[in-house]
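**Student:** fold the following for me, if possible:
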Amino acid sequence: MNTTILKRTATAGAAALALTAMLALASCSDFLNQESKIALTEEEVYSDIRNVAPLVDGLYTTYRNLRGGRAGLMINLGLDESQQGNFQLNSEKQQSGLDKYNGLLAPESPQVSAIWSNRWPLVTTAAKAIDVLGKVEETASTLTLLSEASFFRALGMFELSMFFGEIPVIDVSRSNELGSGRQPLTEVWTYIINDFKKATENLPPRQSAPKRATSGAAWAMLGKAYMCAPEETGLRNYAEAKKCFEEVMKGGYSLVPSYAILFSNDLDPNIWQQNTSESIFELQYENLWPDQNYWEWDCGSRACDSWFGQECYFAGYDFLLPTPFAYGIADTGGLWENGDLRRSVNLRYDFTYDKMEVTKDADGNDVTTIKTITPDLSKTEWTGTTDELEPHIKKWEDYRTDEKVAGGDLNMWNSAKNHPLIRLADIYLLYAECLHRTGTSGVDGDKDAYVMKVRNRAWGGSGAPAMPTPSGDFIKDLMDERMRELCFEGWRRIDLIRTGLFVELVSARNRWAREEHGGAQIPDFYMRYPIPDDEIKTNEDLANGANPQNPGYAR
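**Tutor:** Numbers count the residues shown, from 1 in each chain. Here you go, the predicted structure:
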C-alpha cells in the first residue's frame, strides 16, 4: 500500500491553503493514497518553512469548520441531554438511528461517515506539519508551530478515539511501520498524551489572536486525556489530571460574574461577550459567509419559522433539541432546580417574539424599538409534530440575525456565536471530580468548594444550595451538574463514555432511545460508532487488520 503522506501540491505562495482546502473532503485512507496533481512536489512545497506557517494556521479553520454546522452538532444526537426533533426523526430515516440506537446506526450511515471523515484532514495535516517542523532549526516560532500542530493532532485523535475506539495513527516518520490500519488503544492514547505534553512545553500562555491555542488549552486537554484514556491502556490517571488542571488555574483565567455574559441572547449587545476571562480555547465564528456556525438554523423551532419567517432569531429546523430531562424541573424528575439562572440562558420556553425594529429619529440616528408578537396557535400552518413548541436550545441563539438588526441581509442561517470550547467552569468541575477520585484536597479547598464556585455564579454570585444528590453517587450527581453548566457545548458524549454512564443515562433519558427499546437499556456496543463502510472498503490496511469493525456492527 502507498503510505506516502500528503502527496498533494500547490503553488508555493498558496501551497498550505490549497492543501487545507483539498483535504477537507479526505478520509484517512483517501489522504494516505493521494498522488501529486501538478508539477510542484511535496518536498518542494515544504522546502520553504514559510509554507508551513499557513498550513498550521489552516488547522484552526479546519477544526472550527468541523465543529460548526450540522455535521459538528451530529455528536450531540442520541444523548441524555439532547436528541433530534420529531420532524427530523421522521423525515431523515437513516439519521434517526443516531437517537434510536437501532439497525439504522450502521457502517453505511452517511452521518457516521461524516463524523469520521471530517476529522482526518485535521489529524493528517497536523502530522505532516509535525514531521516537517521536527527537521528544521528550533526557534521560538518553529517551536510554537510544532506545539500547535501537536495540539491539533492530539485533539483530532482524542475525539476520533472517544467516538470510534481504535483508530489509525498518522506519524510520517513511522508510516511504513504503522500503515493506515487501526492501532491498539495504548498506542493511540500514548500519542494523544505525548502530543498534548509537547503542546504544554512550548505554547505561550497568551497568543496575539484569540483563536490560537495556548499552554492553558494544552494543559486542559492533557488533563482531559488523562481522565478519558481507556482504563485498559493503563494511562488513565486522575492524579496527573489534577496536576494539569492546577496548571490551568495558574494561567490567570477567572469566571465571569454572570453566566448570561457567556451565552445570553439579550437584546442589549453589551450583556453577551466573547473571548472572556473564562475562555481557555474558543472557536471564532462570524455571522457572514463562510464563517457562520449555522447552529440556530439547526436548534430553532419550525413553528417559529412558519410564524415569523427565517429572520426571527429563534426560528429553525428542530435538528437538535433538549431531552425532556434536560429541560425538566427537578421537582418532577428533571434537571433544573428553582433559582438556577442558567436554565433561562440555556433553554427557550417562551416563543413570544420581541421583534426588534429600527427606525430613524429626527437627527437621522437609528432608534431600536421592540414589537411584541404573541403566536396565534389557531392560525399557524406549522407542521404540527409533537415537539416544535416544546422547550428549545436557547444557548446558541444569535440576536444579530434578526431581520432589522441585520439590515434585512441575514437570517437564522447566519448564526455565529463563538464556541468557548474549553472554559474555566468546565475545569473546576473536572478538578472536583479528580479530588473525589484521588481523595485529596485542592488548592482552594475540597471538591465541594470547586463545585460551589460554579454553582454560586448560577445563583447570582452567592447563596447557591449544595449540589443535589438524588442518586447518592457523587460522580453521577456531578455529571448532572456538568449538564447544567455545559449543556449543548459538545462534551456530553465524551463525559458519558469516560464515566461508564452512557448506556444507563441515554436509555433512561433520551426519548427516542427509550421508546425504541421499550424502556430497556440500549445494547452496550452502541457506546462506539461503527467504522464507516466506505473507509473499510477503501483502506486496505484497516480492512485486512484484526478488527476492521467495532463489535456489534456487521462488517
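
**Student:** how's this protein carved up into domains?
**Tutor:** If you go by automatic domain parsing, the domain ranges for the chain are 12-63+103-241+531-543, 295-417.

**Student:** buried deepest among those domains, which one?
**Tutor:** Across the domains of the chain, averaging neighbours per residue (mean count of other CB atoms under 10 Å) puts domain 12-63+103-241+531-543 on top, at a mean of 20. Bear in mind the C-beta positions are built from the backbone N, C-alpha and C, glycine included.

**Student:** over that one, what's the mean pLDDT, rounded is fine.
**Tutor:** Throughout domain 12-63+103-241+531-543, pLDDT has a mean value of 87.

**Student:** now do stretch 412-421
**Tutor:** 92.

**Student:** next one: it to chain centre, how far?
**Tutor:** Here the centre of stretch 412-421 is set off from its chain's centre by 12 Å, with CA atoms, centre = their mean, to the nearest Å.

**Student:** compute the first-to-last residue distance for that stretch.
**Tutor:** Terminal residues of stretch 412-421 lie 22 Å apart, using CA to CA, to the nearest Å.

**Student:** shouldn't K417 be in contact with N293?
**Tutor:** Yes. The pair K417 / N293 is scored as a contact, 7.1 Å apart, by CB atoms under 8 Å.

**Student:** common neighbours of these two, please.
**Tutor:** 285, 396 (CB atoms under 8 Å, 6 or more residues apart in numbering).

**Student:** what sits against the residue of the chain positioned farthest from its centre?
**Tutor:** In terms of distance from the mean C-alpha position of the chain, A362 ranks first, at 47.2 Å (CA atoms, centre = their mean). For A362, the contact set (CB under 8 Å, 6+ apart) is empty.

**Student:** just the element for it, please.
**Tutor:** In the assignment (DSSP states H and E), A362 maps to no helix and no strand.

**Student:** before we move on, what about V358?
**Tutor:** Using DSSP H and E, V358 maps to strand 353-360.

**Student:** average pLDDT for that strand?
**Tutor:** Computed over strand 353-360, the mean pLDDT rounds to 80.

**Student:** which residues does L429 contact?
**Tutor:** By CB under 8 Å, 6+ apart, L429 lies in contact with 450-451, 454, 478, 481-482, 485-486.

**Student:** where does the stretch 351-500 of the chain have low pLDDT?
**Tutor:** 377-385, 403-409 (pLDDT under 70).

**Student:** which residues are contacting the strand holding V358?
**Tutor:** Outside strand 353-360, the residues that touch it by CB under 8 Å, 6+ apart are 267, 304, 307-308, 312, 314, 366-373, 375, 399, 402-405.

**Student:** where do the strands sit along the stretch 1-150 of the chain?
**Tutor:** Applying DSSP state E, counting those that start in this stretch to the stretch 1-150 of the chain gives strands spanning 82-83.

**Student:** which residues of it fall in helices?
**Tutor:** In the stretch 1-150 of the chain, the helices defined using DSSP state H, counting those that start in this stretch lie at 15-23, 28-32, 42-46, 52-67, 69-73, 86-91, 97-100, 110-117, 120-133, 140-164.

**Student:** before we move on, the earlier item: and the next helix or strand past the strand holding V358?
**Tutor:** Once the chain leaves strand 353-360, the next helix or strand it forms, by DSSP H and E, is strand 366-373.

**Student:** so what are the sheet partners of that following strand and their directions?
**Tutor:** strand 353-360 (antiparallel) (DSSP bridges).

**Student:** pull the CA atoms of the strand it pairs with into PDB?
**Tutor:** Extracted in PDB, the C-alpha atoms of strand 353-360 (Å, rounded to 0.1, in the frame of the first residue of the first chain):
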ATOM      1  CA  TYR A 353     -41.300  37.200  19.600                       C
ATOM      2  CA  ASP A 354     -39.900  40.500  20.800                       C
ATOM      3  CA  LYS A 355     -39.200  41.700  17.300                       C
ATOM      4  CA  MET A 356     -36.600  44.400  17.000                       C
ATOM      5  CA  GLU A 357     -37.400  47.300  14.700                       C
ATOM      6  CA  VAL A 358     -35.000  50.000  13.800                       C
ATOM      7  CA  THR A 359     -36.200  53.500  12.700                       C
ATOM      8  CA  LYS A 360     -34.600  56.900  12.300                       C
END
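
**Student:** just to revisit the earlier point, tell me the one among the contacts of L429 nearest to G58.
**Tutor:** When the contacts of L429 are ranked by distance to G58 (CB to CB), L486 comes first, at 28.2 Å.

**Student:** the residue lying closest to that closest one once chain neighbours are set aside: which element?
**Tutor:** Distances taken as CB to CB, 6 or more residues apart in numbering put D426 closest to L486, at 5.9 Å, once the chain neighbours are dropped. Per DSSP H and E: D426 is located in helix 424-438.

**Student:** residues of whichever helix or strand comes after that helix that come out buried?
**Tutor:** Sequence-wise, the next helix or strand downstream of helix 424-438 (DSSP H and E) is helix 447-458. Neighbour-count burial for helix 447-458 flags 447, 450-455, 457-458 (criterion: 16 or more other CB atoms under 10 Å).

**Student:** could you report the distance from the residue farthest from the centre of the chain to K371?
**Tutor:** Distance of A362 to K371, given as CB to CB, to the nearest Å: 21 Å.

**Student:** where's the residue sitting nearest the centre point of the chain relative to L59, distance?
**Tutor:** Computing the C-alpha centroid of the chain and ranking residues by CA atoms, centre = their mean puts G490 first, at 3.7 Å. From G490 across to L59, the span is 18 Å (CB to CB).

**Student:** what of A220?
**Tutor:** Per CB to CB, A220 is found 18 Å from L59.

**Student:** what residues does stretch 499-517 touch?
**Tutor:** Contact with stretch 499-517 is made by 78-81, 83-84, 89, 96, 99-102, 323-326, 475-476, 479, 493, 495-496, 519-524, 526-527, as judged by CB under 8 Å, 6+ apart.

**Student:** that stretch: end-to-end distance?
**Tutor:** Start and end residues of stretch 499-517 are separated by 23 Å (CA to CA).

**Student:** likewise for stretch 280-296?
**Tutor:** End-to-end distance for stretch 280-296: 24 Å, by CA to CA.

**Student:** again, but for stretch 100-120
**Tutor:** Using CA to CA, one end of stretch 100-120 lies 27 Å from the other.

**Student:** surely S82 and R492 touch.
**Tutor:** Yes. The pair S82 / R492 is scored as a contact, 7.3 Å apart, by CB under 8 Å.

**Student:** between the host helix or strand of W219 and helix 424-438, what angle do the directions make?
**Tutor:** Assigned by DSSP H and E, W219 belongs to helix 215-228. Orientation check (axes from the mean of the first three to the mean of the last three CA atoms, to 10 degrees): helix 215-228 against helix 424-438 gives 40 degrees.

**Student:** which secondary structure elements does whichever strand or helix holds E247 sit against?
**Tutor:** Using DSSP H and E, E247 sits within helix 238-249. Applying 3 or more CB pairs under 8 Å, 6 or more residues apart in numbering; DSSP states H and E, one finds that helix 238-249 makes contact with helix 215-228, helix 424-438.
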